[in-house]
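[1] how would this look folded up:
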Amino acid sequence: MRKFTFLFVFVFAAALAGAQKPVVTPVWEHSVNSTATWDGDVPIVPGVLPDWMGNMTERGMAFYDGKLYIMSRKVTPHVIQVLDAETGNALTSIPIDTAIVKGGTYLANDLVITPSGKILFGNLATNTKTQPFKVYMMAPKEGGGYTTTTLLSWNSKDSIEGVQQPMYRLGDGFAFYGEVSAEDDGYILVADANATAPFSDVPKVFRWNVTAGVAAAEPQIIILKSVYPAPTGTNVPKLGISPRLQPLDNDHFWADGHSVYPALYDMQGELLTTFKGKFKPIQSGISGVNFFHFRGKDYMLAPATNHAAPAYAKKAMFELLTIPAAGAEEADSVAVFPPRGLGGNTNSSYVGATAVDIQSDKVMMFFMSPYNGIACYQLAMVGEVGNNTWNMSDPAFNALGSMVATQEVNGLTIYAAEGKNVDVDGNNKSLDGWNFTHRLKFGGTGAFDTDGKPVNRVLSFPVPGPSKITVYLQSSSTSADRTLNVAIDHKDSIVGTIPALGASISKGVVEYTGDAGTIYLSSLSSGINIYLIQVEPLATSVPQITAPGREFVLYPNPARDRVFINVDQPTEVGVFSITGSLMLTKRVESPNDPIDVTGLTRGMYLVRPLKTTSFALKLIVQ
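    Next comes the predicted model:
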């Protein structure tokens, strides 16, 4: 099964001067507002919808391989509308095979695409006692086209042992994690949209495991133990109409509903974090959630207003929020867009469908308001060539050529002199999604004066405190590995070294844990080529996510050899990797009984009990 990184980014308490800043800009928009003629804030000539869009007929959208796939019920038989993700222009449509696809209030309503390109789509069953909830799979054929099969068909029981059972409304939206094949596993996730008597009195999420390409006959039912805001009076907790789900890994998922804020849950239904602070997506009237990770930060794209927004707000707007270490409670807003909204045409879809394409240097964010339009905005980082990232392929550097005197470029000081020059020239290399076109060349060993300060063939830059320093580099000799020295304030105050391999470009990381100062990079002997330098905040403490009630603490954290948990009774504890793998177990008898972590590699882990959900604590092993 594929794995997703599940962690909240740990944010340094003081911001870096000139640090990377997320900026959102428009790419394209096809909506009733974008095509209208405006006089100030007044549309004097109405806009028009994209030809393929109808009223309440489009709810599901997915991105795959440069294209957007949108389930559309505007025509019969229903089709999957395919758009060019770069322009939003319609490319083609894929008809639904009605010889296979049958049953439900809507034959087809939402869709997802697996990593291998299989299209999964589900129907809407408003009463699962009389209508089966179905998920179909369209697998690409070698000669073109698709083969459609039924992956899941499920009816709820009318009664069990004489006890009347609730009916469910499933399929307003569904999600899938993993892959569908003989070699891979995954699971289908869908939420009940009823949760009102006589249907059900608790919010429920249904999970069908898909093993070796076969869906389980019966689901695991996950009862959400709480929602936010909590219901008042005699009202029952519920997600409401058109709930949307997003699985993160095998153990966690986001859920959003018509009457609640998006929240992160585990598979036991425990609410781990939600939007209780100043910044949050819209609570009622529309659902949509898209959580993603980009350049060291966690983000959520979600609806900010619906088509019936109050008079002071634009209609059908979306918002990008950052989610810090403390969780969604401390979320901050990056941007709300489009400036005029997509439009105010009335519809009862209640869905703000979203999709993202995460690239090495940007994220393309796609969002849709049914009966109003669709748009794409871009997330990128400004100041990437600045006090925290210096890419030699950027024009600010690749035009420098041969330097025979010290220069400062965007906060990076390059020490050079006559006869001890530093050069920037063309050289194509790729690593970790970076495609470099230029390099900075140290022609030899770095030189310092008697006070330990740089003279030539040295790079320097400030750090405000504990920092993670990443360098992409290569030895200038293909037959000899070399070493890059990393020092603070004095050539002899070495905080780390990074190997520069001769055979290929590589990446090295040094974690500096001291106070503010100036970092010096230099070669210990002979030439080294530098492609990129990146400075990021280094976490000095780890916030915890715990269940309500007793506050559990993991200490010391970060740790090198052993950690302790202030348990109040003997507890079977597991240490999990961020991808969900169980790394070790330990029966912790008391707060003084340590967990040995010397066998774990450096990185991030999740510590939690094996038999309860009383806590889930993040651990950093150094």
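
[2] Sketch out the low-pLDDT regions of the chain for me.
    Scanning the chain for pLDDT under 70 picks out the ranges 1-20, 195-200, 309-313, 382-387, 538-551, 578-581, 611-615.

[3] Can you tell me which residue is spatially central in it?
    Centroid-nearest residue in the chain: Phe292, 1.2 Å away (criterion: CA atoms, centre = their mean).

[4] who does the strand or helix carrying it pair up with?
    Assigned by DSSP states H and E, Phe292 belongs to strand 290-294. According to DSSP bridges, strand 290-294 forms sheet pairs with strand 297-303 (antiparallel).

[5] ok, residues contacting the partner strand?
    7-9, 22, 254, 256, 262, 281-282, 286-293, 316-324, 328, 331, 334, 352, 354, 356, 363, 365, 367, 379 (CB atoms under 8 Å, 6 or more residues apart in numbering). Just so you know, the C-beta spots here come from the backbone N, C-alpha and C atoms, and that holds for glycine as well.

[6] Mark which of these are buried, thanks.
    The neighbour count (16 or more other CB atoms under 10 Å) marks 8-9, 22, 254, 256, 262, 281-282, 286-293, 316-324, 328, 331, 334, 352, 354, 356, 363, 365, 367, 379 as buried among these.

[7] Mark which of those are part of strands, please.
    22, 254, 256, 262, 290-293, 318-323, 334, 354, 356, 363, 365, 367, 379 (DSSP state E).

[8] ok, Val42 - how many residues close by?
    8 (other CB atoms under 10 Å).

[9] cool, Ala516 as well?
    13.

[10] which residues touch it?
    Taking CB under 8 Å, 6+ apart as the test, what Ala516 contacts is Pro462, Val463, Pro464, Gly465.

[11] what about 10 Å?
    The contact partners of Ala516, by CB atoms under 10 Å, 6 or more residues apart in numbering, come to Ala14, Pro462, Val463, Pro464, Gly465, Pro466, Ser467, Ile488, Asp489.

[12] Buried subset of the residues you listed as a ChimeraX selection?
    Applying 16+ other CB under 10 Å to the contacts of Ala516, the buried members can be selected in ChimeraX as follows:
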select :462,463,464,465,466,467,488,489
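
[13] now the contacts of Ala516 in CSV, with distance to Met583 and secondary structure?
    CSV is the format used below for the contacts of Ala516 (distance: CB to CB, whole Å; DSSP: H, G, I helix; E, B strand; the rest coil):
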residue, distance to Met583, secondary structure
Ala14, 33, coil
Pro462, 37, strand
Val463, 32, strand
Pro464, 33, coil
Gly465, 31, coil
Pro466, 26, coil
Ser467, 28, strand
Ile488, 33, strand
Asp489, 38, coil
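
[14] Any chance of the contacts of Ala516 in CSV with distance to Ile80 as columns?
    Shown next, in CSV, are these (distance: CB to CB, whole Å):
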residue, distance to Ile80
Ala14, 49
Pro462, 52
Val463, 50
Pro464, 50
Gly465, 51
Pro466, 49
Ser467, 47
Ile488, 56
Asp489, 60
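
[15] Please, where are all the helices along the chain?
    395-398 (DSSP state H).

[16] Let me see the domain layout of it.
    21-382, 389-537, 545-621 (automatic domain parsing).

[17] Off-centre distance for the second one?
    For domain 389-537, the separation from the chain centroid amounts to 31 Å (computed by CA atoms, centre = their mean, to the nearest Å).

[18] Report the separation between the closest residue to Ser479 other than its chain neighbours and Val424.
    Once flanking residues are discounted, Ser479 sits nearest to Gly502: 5.6 Å by CB to CB, 6 or more residues apart in numbering. Remark: distance between Gly502 and Val424 (CB to CB, to the nearest Å) = 20 Å.

[19] So between the two, which is more surrounded?
    Val424 (21 against 15).

[20] ok, now which ones touch the closest residue to the more buried one other than its chain neighbours?
    Distances taken as CB to CB, 6+ apart put Leu400 closest to Val424, at 4.6 Å, once the chain neighbours are dropped. Listed by CB under 10 Å, 6+ apart, the contact partners of Leu400 are Met392, Gln407, Val409, Ile414, Ala416, Val422, Asp423, Val424, Asp425, His438, Leu440.

[21] Please apply the same query to Ala417.
    Counted by CB under 10 Å, 6+ apart, Ala417 has contacts Met403, Val404, Ala405, Thr406, Ala447, Val455, Asn456, Arg457.

[22] Return the set of residues that bridge with it.
    Lys420.

[23] List the residues that contact the closest residue to Ser259 other than its chain neighbours.
    Nearest residue to Ser259 in three dimensions, chain neighbours excluded: Gly240, at 4.2 Å (CB to CB, 6+ apart). Applying CB under 10 Å, 6+ apart, we find Gly240 in contact with 172, 191, 193-196, 203, 227, 256-260, 284-285, 287, 350.

[24] and with 8 Å instead?
    Ala193, Ala195, Gly257, His258, Ser259, Val260, Ser287.

[25] What segments of the stretch 1-150 of the chain are strands?
    Per DSSP state E, counting those that start in this stretch, the stretch 1-150 of the chain carries strands over the ranges 21-31, 37-39, 42-45, 58-64, 67-72, 79-84, 90-95, 106-113, 119-124, 133-140, 146-154.

[26] Okay, buried residues for stretch 170-189 please.
    170-181, 184-189.

[27] cool, and stretch 225-236?
    Applying 16+ other CB under 10 Å to stretch 225-236 flags Lys225, Ser226, Val227, Tyr228 as buried.

[28] How about stretch 277-284?
    Buried, per 16+ other CB under 10 Å, within stretch 277-284: Lys280, Pro281, Ile282, Gln283.

[29] Distance-wise, check the residue nearest to Val424 relative to Pro132.
    For Leu400 relative to Pro132 (CB to CB), the value is 66 Å.

[30] Now do stretch 347-354: everything it contacts.
    By CB under 8 Å, 6+ apart, stretch 347-354 touches 55-56, 58-61, 70, 172-173, 241-242, 244, 258, 285-290, 301-303, 306-307, 316, 318, 365-372.

[31] CA atoms only: put it into CSV for me.
    The C-alpha coordinates for stretch 347-354 follow below in CSV (Å, rounded to 0.1, in the frame of the first residue of the first chain):
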residue,chain,number,x,y,z
ASN,A,347,-27.6,24.8,-6.0
SER,A,348,-28.2,22.1,-3.5
SER,A,349,-24.9,20.2,-4.1
TYR,A,350,-23.3,21.4,-0.9
VAL,A,351,-19.9,20.4,-2.1
GLY,A,352,-16.8,22.4,-2.8
ALA,A,353,-14.7,19.9,-4.7
THR,A,354,-10.9,20.4,-4.7
